[in-house]
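In: sharing a model prediction with you, sequence too.
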Amino acid sequence: MAYLAPSILAADFTKLSQQIRAVELGNCDFIHCDIMDGQFVPNLTFGPLVISALKKITNIPLDVHLMINNPQNLIPKFAEAGANIITVHQENNDHLDGVIQQIKELNLKAGVAINPATSVETLLPVLQNVDLVLVMSVNPGFGGQSFIEYTLDKIIQLDNLKKNNNYKYYIEVDGGITKANIQKVKNAGCNIIVAGTAVFGNEDITKTTVELKNLLME
Ligand code: DX5
Ligand code: ZN
């Protein structure tokens, strides 16, 4: 059993409330929100304004993935807007421990993300403190890319570390998830699975959400 987090990066923003309703009807578990600043990644998305708008139309927990430089400056704004989980990247973050504490002090779940080329070892000091580890299975910035196979080894590694040390974090995977590979990442130890194009790239969003959820329950 693993949770499904549709990423609204692939949604039609002119119909956002209808599309949120469609994933709700499919019993999704989280709404994944990709925040990009055009600096840390070569793309620009949205900010706290959209998070507070989502909060007004859904009770599904908001999983906020910050792909931004200096996340500490904006974390209070995302908390105030209604984020439930805030995940920051390990890369380009000189104050990772402090940022994780900052998120937890706001009574939110704190996650840390690693890009495909970043090793799990770089997270060893913080694994005992985080609620979630996000393994990027594509290079961050865009939806619709292909799953990078070697990231599966990092999921297995994180699952082993979790079992051997009795750590409590959820393992989340993000990028290139399809009906064809979703069970593979679940079986490797993932607890939360992000899917953008696989969910919102379809005519019938509710039906696809149900199908992906069923694959996670098998
Ligand atoms: C990429 C984002 C992902 C993206 C995934 O930088 O972090 O969350 O929305 O999109 P798909 O599922 O289309 O690869
Ligand atoms: Zn993401």
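Out: Cool, the structure landed. Ligands and ions are numbered 1, 2, ... in the order given.
In: which bits of the chain sit near ligand 2?
Out: Neighbours of ligand 2 within the chain, by CB under 5 Å from the ion: 34, 65, 174. For glycine as for every other residue, the C-beta is placed from the backbone atoms N, C-alpha and C.
In: mind listing the strands for the chain?
Out: Counting by DSSP state E, the chain has strands at residues 3-6, 31-36, 62-67, 85-89, 109-114, 132-136, 170-174, 192-195.
In: could you export those as TSV, including distance to residue 210, mean neighbour count and mean pLDDT?
Out: Listed next are the strands of the chain as TSV, based on distance: least, CB to CB, whole Å; neighbours: other CB atoms under 10 Å; pLDDT from 0 to 100:
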stretch	distance to residue 210	mean neighbour count	mean pLDDT
strand 3-6	10	26	98
strand 31-36	16	24	98
strand 62-67	20	26	99
strand 85-89	23	26	98
strand 109-114	26	22	98
strand 132-136	24	26	99
strand 170-174	20	25	99
strand 192-195	13	27	98
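In: so can I have CSV of those showing distance to residue 150?
Out: Output for those, formatted as CSV (distance: least, CB to CB, whole Å):
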stretch, distance to residue 150
strand 3-6, 22
strand 31-36, 22
strand 62-67, 21
strand 85-89, 19
strand 109-114, 13
strand 132-136, 11
strand 170-174, 13
strand 192-195, 18
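In: could I get those as JSON lines with distance to ligand 1?
Out: Shown next, in JSON lines, are the strands of the chain (distance: least, CB to the nearest ligand atom, whole Å):
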{"stretch": "strand 3-6", "distance to ligand 1": "9"}
{"stretch": "strand 31-36", "distance to ligand 1": "5"}
{"stretch": "strand 62-67", "distance to ligand 1": "5"}
{"stretch": "strand 85-89", "distance to ligand 1": "10"}
{"stretch": "strand 109-114", "distance to ligand 1": "8"}
{"stretch": "strand 132-136", "distance to ligand 1": "7"}
{"stretch": "strand 170-174", "distance to ligand 1": "5"}
{"stretch": "strand 192-195", "distance to ligand 1": "5"}
